[in-house]
Structure formats: structure tokens, C-alpha cells
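> make a model of this:
(2 chains)
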Amino acid sequence: MLDIKNIFKTFNAGTVNEKTALNDVSLCLKDGDFATVIGGNGAGKSTLLNAVAGVWMVDSGSISIGDTDVTSLPEHKRARYIGRVFQDPMMGTAATMQIEENLALAARRGKARTLRIGITKKEREEYYELLKILDLGLEERLTSKVGLLSGGQRQALTLLMATLQKPRLLLLDEHTAALDPKTAAKVLDTTERIVQKDHLTTLMITHNMRDAIVHGNRLIMMHEGKIALDISGEAKKKLTVEDLLAKFGQATGSDEADDKLLLG
Amino acid sequence: MISFIGTLPGAISQGLIWGIMAIGVYITYQILDIADLTVDGSFCTGGAVFVVLFGSGANVWLALFAALLAGMATGIATGLLHTVCGIPAILAGILTQLGLWSINLAIMGMKANVAINVTNPENLDKLLVSLRFVQDVAKGTRPFTRHPIFVVGLFTIATIAVLYWFFGTELGASLRATGANQNMARAQGIHTERNKVLGLMLSNGLVAFSGALLSQYQSFADASMGKGAIVIGLAAVIIGQVLFSKLFHNFALRLLAVSIGSMIYYVVIQAVVSLSGIDTNYLKLISAVIVAIFLAIPYWKARSFSKPVKKGGKAHA
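I've put the predicted structure just below:
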């Protein structure tokens, strides 16, 4: 489903701040794969997701989603295939617009925006039912401005928006990191349900090793712009945090990994 | 006092005309979150195109429409400077505005002002709005329906109706999303750059249309007629917001508030002039000070009334 081949990305090339954020990364996700991505600060996790989302173009290499080579497609065109939830709850929704308007915008992802009415009556009824899935009571607040919602509510809404049009690929960039533990658990639970229900191919960055182990069928660990570990199948199911730390040490030849990762 | 009341219909008419420009400013400043300084130039472009075309015998509606299109072109220019050339929006607007100074003069045949011949009654009758109609209606020589307040009022309602419809469509909603949150908009597949050009085009089209109405009203276009237009537009937007934000939540009503804000601005200015006898050359200073104060108030309020709240709950740095 997702096929990343030898991508490179260097920021501030030719300056003292030069930073190779992605160094020959290749990754192939099968249809329905749910991969979690961990790694310390600056390991290239978010850079990888941004490369796939098309926030900027990669220096070299190629990215395909399904049969489509998206390497040179701009962000808004790739959005047709990709649903995204960001770390910052403010980033995924339009605060000055109503809940139903945000959903209506998301329902038209990848379609031409015409002069037809922006939200139909039938859609409103659909959204009412859909919001019930979140179990946050948002279905009774369809016309509330999103700016009035809490961070957790906004992330849950963004998640719903990202999957309203079934995406070929779902990108979650530490989408629970800015939430309090209880809310984070709830949003993660909702994520799991939606991903299972729609059988979505998902790439989820997390800073929490336990979450990375519990969720998904594949675990990817990044280090210095490379994929240091890629564990799937039975091996992933049996994985513990201690195993992971040990494996990471072997793969990168460093033991500074533990605190970096745990603090990461 | 009596002289002030006598000037009220004129002030309200002017306020309504500038109100259409202010609605254009609202589109960029409030909806797209861009401070677009093109308007100081495009306002005059509209006036110049109208006066020249009408003066050469064109139909008044055609001349108005041409002014609208010319304004849209100026918006596209700023939009492309901003999106394709990566120039910050404010600077892009200033560049277009500067360039338009020459273009506006060129449209007017390199003259600083061009007048419509309104001493010819046949010509005068063809106009939709004119300063003279205010007196004519008062004297009873023209029907009430030719009063500028009535005519421009209809234009305003039509403008608001069209914008209300447009911003409710899929495309219009995507424009609002572009202004509200570009990251979100792009993630939802919205072409934010194109939308910014579109918004600037729409806004400057309205601004030029308003300029065309003003030159028609005063029966001349002047190269400096748009000077400070952005400030008047902002004043109208802010006055409308301060007075009606609690009352008007509907989008159409908020646009109406902008138009009312513009009328209030002109009536207040007229009051200051008639009642204090101040030199009218000070008006721009007064406008600038008023707008500066209104822009500062929300900032001061936020600083003095809200203590910074530390968000807890983050387990680690």
C-alpha cells in the first residue's frame, strides 16, 4: 500500500545547521498494516510522516501509495489518499468553523470544491450518527465552533475527519502526546476501533513504548534518520519494553538509547 | 447643528458606498487573515475604469462591470506575487498598490483626475448614483427610488446575498478553512494557494466596484481617491465588530455590520467636521488614531485581564 524507496532529506543544506533528517529510508507497508513508529528526538519520525504527506518534497527517492507514485505531488493533492492527525490539537481543525462544517470539509477531501452547497441536510444527519462513535456528546453540538472544544475532543474530531473519507493511508503524528493520560487513552482507544473497523493502513508515531508495543502489527524504530528496527508478526506480539531497549542498543551500537527514548 | 443634519444623507450615502469596499476588506482581513494593502490602489482603479469608460459613452452597467473585473485583476496580481513569488502578503499588496498608481494614471490618460460631465442632464440621468440626486430627491424632482441611499443600499444587499451564498458553498467553505487553518486545509486536500488568489480577487473586485460607485457619486475619479482606503475599511470592520459582535452571529448579518460600521464612520467624521470646524486635512490623522485605538483595545484587554495559565499534565519535557 505504502512503498517508500530510498528517500533522503537534508534540511539547511550547506549551512552550519545542516541536518540529514532522512538518510536512505525504505519502508513498505502492506494493505491493512498498522505500524507504530518510535525513536528519540530528532530521529526522523515526524520527518518521515511529513515526507509521506508531502509537506515538502524529498531530495531523492520515491514514495508510492497503492499504484500511485506521489513523489512529486503537492500536499493538497496527496491528501486525496491520506488522512492525517497532528500532534498539536490546534492543527487538525479550523477553530473558527463549526463542527459540522469541519466534517463537511473533510468529507470532500480529494474532491473538487464546487459551487454546490457546502453541507447538505443528509450529511448533517450522517454526522450526528458518526459523532456518536466518539462518545463525547459532540453529536449534540454540531453547530458549535471547534475552538470551544477541549484538546482531546479536537483530536477525536480530527481523527474522525481523517477517516471520514476512507483514506488509503492514515498518518498519526504523536496525536495523543499533547493530551492528559486519561484523554490520551480514550483517543488511542478510538483510534484502534476506527482502524480495525475500516481496516486502515496506518503509520502511527508515538513517544510511548508501551503504546507502540500494544498497538498495531508492526513496530518501527528510527535512529538518526534511518530505520533501526522493524519488528512484525509473532515477534512483535511477544515484545516487551526491555526487549525493545536491548534490541535498539544492538541495532544502533549505543546504550544511550534508553533514556533518550524513554524521555523522547 | 442644522448644517450637520443637512449633510447626513450625503454622509450616509458615502458610508454605504465605502461599506462595499469595507466588505471587500473583510474578506481578506477577517476571512483569509491577510492584511491586503492592494485596496488603496484598486479602489482608484475601479473609479478610473468607470469614469473613462462611461465618459467615452459606455453603458453605466457595462462600465461598472469592467471596473469590477479590473479590480479582480489587481487582486490576482497581488495573489500571484504572494503565492507564486513567495512575497509576504503585506509587501505583495504594497507592490501592487505602487504599480497601480502608474496604471491608474495611464487609464485616466495621464491626468490626475477625470470628471464625468454631469451638467448635461441626459448624461446625469444615465447615472445610477450621484451626489446631485440627494438634493433632487429632497427637492422632489426625482423619485425616492433614485436616492443614493436607496440605490447603494440595494447594491449592498445584493453583495451580501451573493457572498452569503458563496461562502456557504463547498468552494467558499474551503476559502474560510484556508484563512482559519492552512495546515488543516491542506491536509483536507484544499489548494490553499489558489484559494488565497481567489479571495484576493474577490475582495479587490468589490473594492474596485465600490471605487466605481464613488467616482460615479462624486462625478469624478482622482488618482489619490483610494489613499487610506485600507484604514477606512478596517475602521468599518472594527466598528461593526465592536458594536454588533454580540448581536450578529449570522455571516450575512456580520457583513451588514461592516456596512453599518462604514456608515457610522462617515457620520462621525461628518459630525467632527461640521460641529468642530476642524481643517479637513486632519481627517486622515483622526482616522488613523481611531483605528489604531480600536486595534489596540483587544490586545490590551488580553494582556491585562488574563493571567498566563500553566497547563499541567505533561509527564515529561
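> hey, let's count contacts and neighbours off CA atoms from now on
Fine.
> how many residues are close by B:His249?
Taking other C-alpha atoms under 10 Å in any protein chain shown as the neighbour definition, B:His249 ends up with a count of 10.
> separation between it and chain A?
B:His249 sits at a distance of 12 Å from chain A (criterion: C-alpha to the nearest C-alpha, to the nearest Å).
> where do the helices sit along the chain?
You didn't pick a chain, so chain A it is. Assigned by DSSP state H, chain A shows helices spanning A:45-53, A:75-78, A:99-107, A:121-132, A:151-164, A:181-198, A:209-214, A:233-237, A:241-252, A:257-263.
> correction: the question concerned chain B.
Using DSSP H, helices in chain B cover B:2-26, B:39-55, B:60-83, B:89-107, B:121-126, B:131-139, B:148-166, B:170-180, B:182-187, B:192-218, B:229-244, B:251-276, B:283-305.
> list the contacts of A:Ala106.
Counting by C-alpha atoms under 8 Å, 6 or more residues apart in numbering or on different chains, A:Ala106 touches A:Met161, A:Ala162, A:Leu164, A:Gln165, B:Gln188.
> so which of the helices of chain A is nearest B:Ala63?
Comparing these by their distance to B:Ala63 (C-alpha to C-alpha), the top pick is helix A:99-107, with 37.6 Å.
> what mean pLDDT does the closest one have?
When the per-residue pLDDT values of helix A:99-107 are averaged, the result is 96.
> just how off-centre is it within its chain?
Here helix A:99-107 is found 19 Å from its chain centre; the criterion is C-alpha atoms, centre = their mean, to the nearest Å.
> so the closest residue to A:Ser232 other than its chain neighbours versus A:Tyr81, what's the distance?
Leaving out its chain neighbours, the residue that sits closest to A:Ser232 by C-alpha to C-alpha, 6 or more residues apart in numbering or on different chains is A:Arg218, at 4.2 Å. The spacing between A:Arg218 and A:Tyr81, counted by C-alpha to C-alpha, to the nearest Å, is 21 Å.
> where does the stretch 101-250 of chain A dip in pLDDT?
Per-residue confidence for the stretch 101-250 of chain A (pLDDT under 70) gives no ranges below the cut-off.
> can you list the residues of it near chain B?
By the criterion of C-alpha under 8 Å from any C-alpha of the partner chain, the positions of the stretch 101-250 of chain A lying close to chain B are A:101, A:105-106, A:108-111, A:113-119, A:178-181.
> buried subset of those residues as a PyMOL selection?
Selecting in PyMOL just the buried members of these, where the criterion is 16 or more other C-alpha atoms under 10 Å in any protein chain shown, is done with this command:
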select buried, chain A and resi 101+105+106+108+109+110+113+117+118+119+178+179
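> is it correct that the residue nearest to A:Ser232 is in contact with A:Gly233?
Yes. Counting by C-alpha atoms under 8 Å, A:Arg218 sits close enough to A:Gly233 to count as a contact (6.8 Å).
> ok, back up a step: let's have the helices of chain A in a markdown table, adding distance to B:Thr83.
A markdown table is the format used below for the helices of chain A (distance: least, C-alpha to C-alpha, whole Å):
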| stretch | distance to B:Thr83 |
| --- | --- |
| helix A:45-53 | 20 |
| helix A:75-78 | 15 |
| helix A:99-107 | 22 |
| helix A:121-132 | 33 |
| helix A:151-164 | 27 |
| helix A:181-198 | 36 |
| helix A:209-214 | 40 |
| helix A:233-237 | 46 |
| helix A:241-252 | 43 |
| helix A:257-263 | 40 |
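> nearest to B:Val267, of those?
Comparison of the helices of chain A against B:Val267 by C-alpha to C-alpha identifies helix A:99-107 as nearest, at 37.8 Å.
> with only the CA atoms kept, save the closest one in PDB.
What follows is the C-alpha trace of helix A:99-107 in PDB, where atoms were taken according to Å, rounded to 0.1, in the frame of the first residue of the first chain:
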ATOM      1  CA  ILE A  99     -18.100  21.000  14.000                       C
ATOM      2  CA  GLU A 100     -20.300  20.100  11.100                       C
ATOM      3  CA  GLU A 101     -18.500  22.500   8.700                       C
ATOM      4  CA  ASN A 102     -15.200  20.900   9.700                       C
ATOM      5  CA  LEU A 103     -16.600  17.500   9.000                       C
ATOM      6  CA  ALA A 104     -18.100  18.600   5.700                       C
ATOM      7  CA  LEU A 105     -14.700  19.900   4.600                       C
ATOM      8  CA  ALA A 106     -13.200  16.600   5.400                       C
ATOM      9  CA  ALA A 107     -15.900  14.700   3.600                       C
END
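> pLDDT score for the closest residue to B:Val197 other than its chain neighbours?
Closest residue to B:Val197 apart from its sequence neighbours, by C-alpha to C-alpha, 6+ apart: B:Gly79 at 4.3 Å. The score at B:Gly79 is 98. That number is its pLDDT.
> ditto for B:Ala315
B:Ala315 is assigned a predicted lDDT (pLDDT) of 41.
> same check, this time on B:Trp300
The per-residue pLDDT of B:Trp300 was computed as 87.
> what's the burial count for it?
In terms of burial, B:Trp300 registers 10 neighbours under the definition other C-alpha under 10 Å.
> hmm, back to that, the residue nearest to B:Val197 and B:Ser203 touch, don't they?
No. Counting by C-alpha under 8 Å, B:Ser203 is not a contact partner of B:Gly79; they are 11.1 Å apart.
> out of the helices of chain B, deepest packed?
Among the helices of chain B, the stretch with the highest mean neighbour count (mean count of other C-alpha atoms under 10 Å in any protein chain shown) is helix B:39-55, at a mean of 30.
> which elements pack onto that one?
Under the contact definition 3 or more C-alpha pairs under 8 Å, 6 or more residues apart in numbering or on different chains; DSSP states H and E, helix B:39-55 sits against helix B:60-83, helix B:89-107, strand B:113-115, helix B:192-218, strand B:220-222, helix B:229-244.
> quick one: closest of these to B:Ser3.
Ranking the helices and strands packed on helix B:39-55 by distance to B:Ser3, with C-alpha to C-alpha as the measure, places helix B:192-218 first at 19.6 Å.
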